[in-house]
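Trainee: Would you be able to build a 3D model of this:
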Amino acid sequence: MHKAITAFNELVEGNRRFADGKPLSTNLSIEERRAQLVESQAPSAIILGCSDSRAPAEILFDQGLGDLFVIRVAGNIVAPSGIGSIEYAVEALGVRLIVVLGHSSCGAVRATVDELKVPRENRSPNLESIVRRISPSVQPLLDADISDDPAKIVEHAVRANIRSSVRDLKAGSPIVERWIEEDNLCVVGAEYSLETGIVEFFDRVPGAIK
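Mentor: Numbers count the residues shown, from 1 in each chain. The predicted structure follows:
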(Lines give C-alpha, C1' and ligand atoms only; values in the text may rest on other atoms or scores of the structure.)
Protein backbone atom coordinates (compact mmCIF):
# COMPACT_ATOMS: atom_id res chain seq x y z
CA MET A 1 0.00 0.00 0.00
CA HIS A 2 2.96 2.31 0.64
CA LYS A 3 3.73 2.56 -3.09
CA ALA A 4 0.12 3.52 -3.88
CA ILE A 5 0.08 6.17 -1.14
CA THR A 6 3.33 7.73 -2.35
CA ALA A 7 2.18 7.73 -5.97
CA PHE A 8 -1.20 9.24 -5.10
CA ASN A 9 0.38 12.01 -3.04
CA GLU A 10 2.78 12.82 -5.87
CA LEU A 11 -0.11 13.15 -8.32
CA VAL A 12 -2.14 15.39 -5.99
CA GLU A 13 0.83 17.63 -5.30
CA GLY A 14 1.89 17.70 -8.95
CA ASN A 15 -1.58 18.72 -10.14
CA ARG A 16 -1.67 21.44 -7.49
CA ARG A 17 1.59 22.85 -8.89
CA PHE A 18 0.22 22.64 -12.44
CA ALA A 19 -3.06 24.37 -11.56
CA ASP A 20 -1.15 27.09 -9.68
CA GLY A 21 1.17 27.64 -12.64
CA LYS A 22 4.24 26.62 -10.61
CA PRO A 23 5.60 23.40 -12.12
CA LEU A 24 8.86 22.09 -10.70
CA SER A 25 12.11 22.56 -12.59
CA THR A 26 14.57 19.67 -12.67
CA ASN A 27 18.34 19.62 -12.34
CA LEU A 28 18.57 16.69 -14.71
CA SER A 29 19.00 17.46 -18.37
CA ILE A 30 16.85 15.57 -20.86
CA GLU A 31 19.94 13.70 -22.04
CA GLU A 32 20.81 12.55 -18.51
CA ARG A 33 17.25 11.45 -17.81
CA ARG A 34 17.09 9.49 -21.07
CA ALA A 35 20.31 7.72 -20.15
CA GLN A 36 18.85 6.70 -16.80
CA LEU A 37 15.84 5.11 -18.50
CA VAL A 38 17.57 3.18 -21.25
CA GLU A 39 17.79 -0.12 -19.36
CA SER A 40 14.65 0.02 -17.23
CA GLN A 41 11.64 2.05 -16.09
CA ALA A 42 9.84 2.45 -12.77
CA PRO A 43 6.72 4.57 -13.26
CA SER A 44 4.86 5.43 -10.07
CA ALA A 45 1.31 5.27 -11.45
CA ILE A 46 -0.75 4.01 -14.37
CA ILE A 47 -3.05 6.55 -15.99
CA LEU A 48 -5.91 5.38 -18.20
CA GLY A 49 -6.86 8.69 -19.78
CA CYS A 50 -8.65 10.21 -22.73
CA SER A 51 -6.85 10.90 -26.01
CA ASP A 52 -8.01 14.53 -25.95
CA SER A 53 -5.08 16.83 -26.77
CA ARG A 54 -6.03 19.10 -23.87
CA ALA A 55 -5.52 16.43 -21.22
CA PRO A 56 -1.92 15.10 -21.31
CA ALA A 57 -1.40 13.31 -18.00
CA GLU A 58 2.30 14.02 -17.57
CA ILE A 59 1.69 17.77 -17.82
CA LEU A 60 -1.47 17.83 -15.69
CA PHE A 61 0.35 16.04 -12.87
CA ASP A 62 3.68 17.86 -13.36
CA GLN A 63 5.54 14.61 -13.94
CA GLY A 64 8.54 13.93 -16.13
CA LEU A 65 10.05 11.34 -18.43
CA GLY A 66 9.57 7.84 -17.04
CA ASP A 67 7.29 8.88 -14.17
CA LEU A 68 3.92 7.68 -15.47
CA PHE A 69 2.68 4.69 -17.49
CA VAL A 70 -0.03 6.25 -19.66
CA ILE A 71 -2.70 4.59 -21.80
CA ARG A 72 -4.84 7.05 -23.76
CA VAL A 73 -8.00 6.23 -25.68
CA ALA A 74 -11.00 8.38 -26.57
CA GLY A 75 -13.45 8.42 -23.68
CA ASN A 76 -10.98 6.68 -21.33
CA ILE A 77 -12.79 3.42 -22.05
CA VAL A 78 -11.66 0.01 -20.84
CA ALA A 79 -10.79 -2.16 -23.86
CA PRO A 80 -8.75 -5.41 -24.14
CA SER A 81 -5.56 -3.74 -25.37
CA GLY A 82 -5.70 -1.22 -22.55
CA ILE A 83 -6.27 -3.93 -19.96
CA GLY A 84 -3.29 -5.85 -21.33
CA SER A 85 -1.09 -2.76 -21.05
CA ILE A 86 -2.24 -2.21 -17.46
CA GLU A 87 -1.59 -5.85 -16.56
CA TYR A 88 1.95 -5.50 -17.90
CA ALA A 89 2.62 -2.41 -15.80
CA VAL A 90 1.21 -4.05 -12.67
CA GLU A 91 2.99 -7.39 -13.10
CA ALA A 92 6.27 -6.44 -14.78
CA LEU A 93 6.85 -2.91 -13.48
CA GLY A 94 5.31 -3.23 -10.03
CA VAL A 95 2.97 -0.23 -10.32
CA ARG A 96 0.39 -0.15 -7.52
CA LEU A 97 -1.84 2.80 -8.42
CA ILE A 98 -4.21 3.03 -11.39
CA VAL A 99 -6.05 6.27 -12.14
CA VAL A 100 -8.92 6.37 -14.63
CA LEU A 101 -8.75 9.99 -15.75
CA GLY A 102 -11.66 11.61 -17.57
CA HIS A 103 -12.15 15.30 -18.25
CA SER A 104 -14.85 17.91 -18.59
CA SER A 105 -16.47 18.47 -22.01
CA CYS A 106 -15.27 15.09 -23.26
CA GLY A 107 -15.88 14.83 -27.00
CA ALA A 108 -16.33 11.05 -26.92
CA VAL A 109 -19.03 11.36 -24.28
CA ARG A 110 -20.70 14.18 -26.17
CA ALA A 111 -20.64 12.10 -29.37
CA THR A 112 -22.27 9.23 -27.48
CA VAL A 113 -25.04 11.52 -26.23
CA ASP A 114 -25.66 12.74 -29.78
CA GLU A 115 -25.61 9.19 -31.15
CA LEU A 116 -28.18 7.95 -28.67
CA LYS A 117 -30.46 10.88 -29.46
CA VAL A 118 -30.13 10.69 -33.25
CA PRO A 119 -28.34 7.51 -34.39
CA ARG A 120 -26.07 7.96 -37.37
CA GLU A 121 -25.98 5.53 -40.26
CA ASN A 122 -22.62 4.60 -41.71
CA ARG A 123 -20.69 5.21 -38.48
CA SER A 124 -17.27 3.59 -38.52
CA PRO A 125 -17.27 0.25 -36.65
CA ASN A 126 -14.20 1.46 -34.77
CA LEU A 127 -15.94 4.61 -33.56
CA GLU A 128 -19.04 2.58 -32.82
CA SER A 129 -17.03 0.39 -30.45
CA ILE A 130 -16.21 3.48 -28.36
CA VAL A 131 -19.80 4.71 -28.36
CA ARG A 132 -21.01 1.24 -27.37
CA ARG A 133 -18.79 1.19 -24.29
CA ILE A 134 -19.82 4.69 -23.15
CA SER A 135 -23.56 4.43 -23.87
CA PRO A 136 -24.51 2.48 -20.68
CA SER A 137 -23.36 5.51 -18.68
CA VAL A 138 -25.32 7.93 -20.85
CA GLN A 139 -28.64 6.23 -21.54
CA PRO A 140 -30.08 6.56 -17.99
CA LEU A 141 -29.39 10.29 -18.05
CA LEU A 142 -31.47 10.75 -21.20
CA ASP A 143 -34.45 9.45 -19.24
CA ALA A 144 -33.76 11.62 -16.17
CA ASP A 145 -34.92 15.09 -15.13
CA ILE A 146 -31.89 16.70 -16.80
CA SER A 147 -32.72 15.25 -20.23
CA ASP A 148 -33.56 18.71 -21.61
CA ASP A 149 -30.20 20.20 -20.57
CA PRO A 150 -27.45 18.99 -22.98
CA ALA A 151 -24.58 20.53 -20.99
CA LYS A 152 -25.79 18.96 -17.77
CA ILE A 153 -26.19 15.58 -19.45
CA VAL A 154 -22.57 15.65 -20.66
CA GLU A 155 -21.34 16.80 -17.26
CA HIS A 156 -23.05 13.93 -15.46
CA ALA A 157 -22.22 11.45 -18.22
CA VAL A 158 -18.49 12.20 -17.99
CA ARG A 159 -18.52 11.30 -14.31
CA ALA A 160 -20.70 8.25 -14.82
CA ASN A 161 -18.37 7.04 -17.57
CA ILE A 162 -15.30 7.42 -15.34
CA ARG A 163 -16.94 5.39 -12.59
CA SER A 164 -18.05 2.79 -15.12
CA SER A 165 -14.48 2.43 -16.41
CA VAL A 166 -13.22 1.96 -12.85
CA ARG A 167 -15.76 -0.82 -12.31
CA ASP A 168 -14.97 -2.44 -15.65
CA LEU A 169 -11.26 -2.39 -14.92
CA LYS A 170 -11.67 -3.88 -11.46
CA ALA A 171 -13.86 -6.68 -12.83
CA GLY A 172 -12.28 -7.19 -16.25
CA SER A 173 -8.88 -8.56 -15.35
CA PRO A 174 -7.99 -11.51 -13.09
CA ILE A 175 -4.57 -9.96 -12.57
CA VAL A 176 -5.99 -6.62 -11.44
CA GLU A 177 -8.55 -8.37 -9.25
CA ARG A 178 -5.88 -10.49 -7.60
CA TRP A 179 -3.64 -7.55 -6.75
CA ILE A 180 -6.59 -5.57 -5.39
CA GLU A 181 -7.61 -8.51 -3.18
CA GLU A 182 -4.07 -8.74 -1.87
CA ASP A 183 -4.34 -5.05 -0.87
CA ASN A 184 -1.40 -4.08 -3.03
CA LEU A 185 -3.21 -2.26 -5.84
CA CYS A 186 -5.54 0.75 -5.78
CA VAL A 187 -7.82 1.84 -8.65
CA VAL A 188 -9.32 5.33 -8.44
CA GLY A 189 -11.37 7.57 -10.70
CA ALA A 190 -10.66 11.24 -11.35
CA GLU A 191 -11.88 14.11 -13.52
CA TYR A 192 -9.71 16.89 -14.96
CA SER A 193 -11.38 20.27 -15.35
CA LEU A 194 -10.40 22.00 -18.59
CA GLU A 195 -11.60 25.25 -17.03
CA THR A 196 -9.64 25.24 -13.77
CA GLY A 197 -6.75 22.83 -14.38
CA ILE A 198 -7.69 20.90 -11.25
CA VAL A 199 -8.00 17.11 -11.09
CA GLU A 200 -10.75 15.99 -8.73
CA PHE A 201 -10.24 12.47 -7.40
CA PHE A 202 -13.45 10.52 -6.78
CA ASP A 203 -11.67 8.08 -4.50
CA ARG A 204 -8.82 8.31 -2.02
CA VAL A 205 -6.02 5.92 -1.26
CA PRO A 206 -6.18 5.09 2.47
CA GLY A 207 -3.44 7.02 4.26
CA ALA A 208 -2.84 9.47 1.42
CA ILE A 209 -3.25 13.26 1.39
CA LYS A 210 -6.82 14.36 2.22
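Trainee: My read is that Leu101 contacts Val199, right?
Mentor: Yes. Counting by Cβ atoms under 8 Å, Val199 is a contact partner of Leu101 at 7.2 Å. In this view, the C-beta of every residue, glycine as well, is placed from N, C-alpha and C.
Trainee: neighbour count winner among those two?
Mentor: Higher neighbour count among Leu101 and Val199: Leu101, with 26 against 23, using other Cβ atoms under 10 Å.
Trainee: Tell me the pLDDT of the more buried one.
Mentor: Leu101 carries a pLDDT score of 98 in this model.
Trainee: For my notes, confirm it occurs in a strand.
Mentor: Yes. Counting by DSSP: H, G, I helix; E, B strand; the rest coil, Leu101 is part of a strand.
Trainee: before we move on, the earlier item: joint contacts of Leu101 and Val199?
Mentor: In terms of Cβ atoms under 8 Å, 6 or more residues apart in numbering, Leu101 and Val199 are both contacted by the residues 60, 190-192.
Trainee: Please identify which of those is nearest to Ile153.
Mentor: Using Cβ to Cβ, Glu191 comes nearest to Ile153 of the shared contacts of Leu101 and Val199, at 15.5 Å.
Trainee: beta partners for the closest one?
Mentor: Following DSSP bridges, Glu191 is listed with bridge partners Gly102, Glu200.
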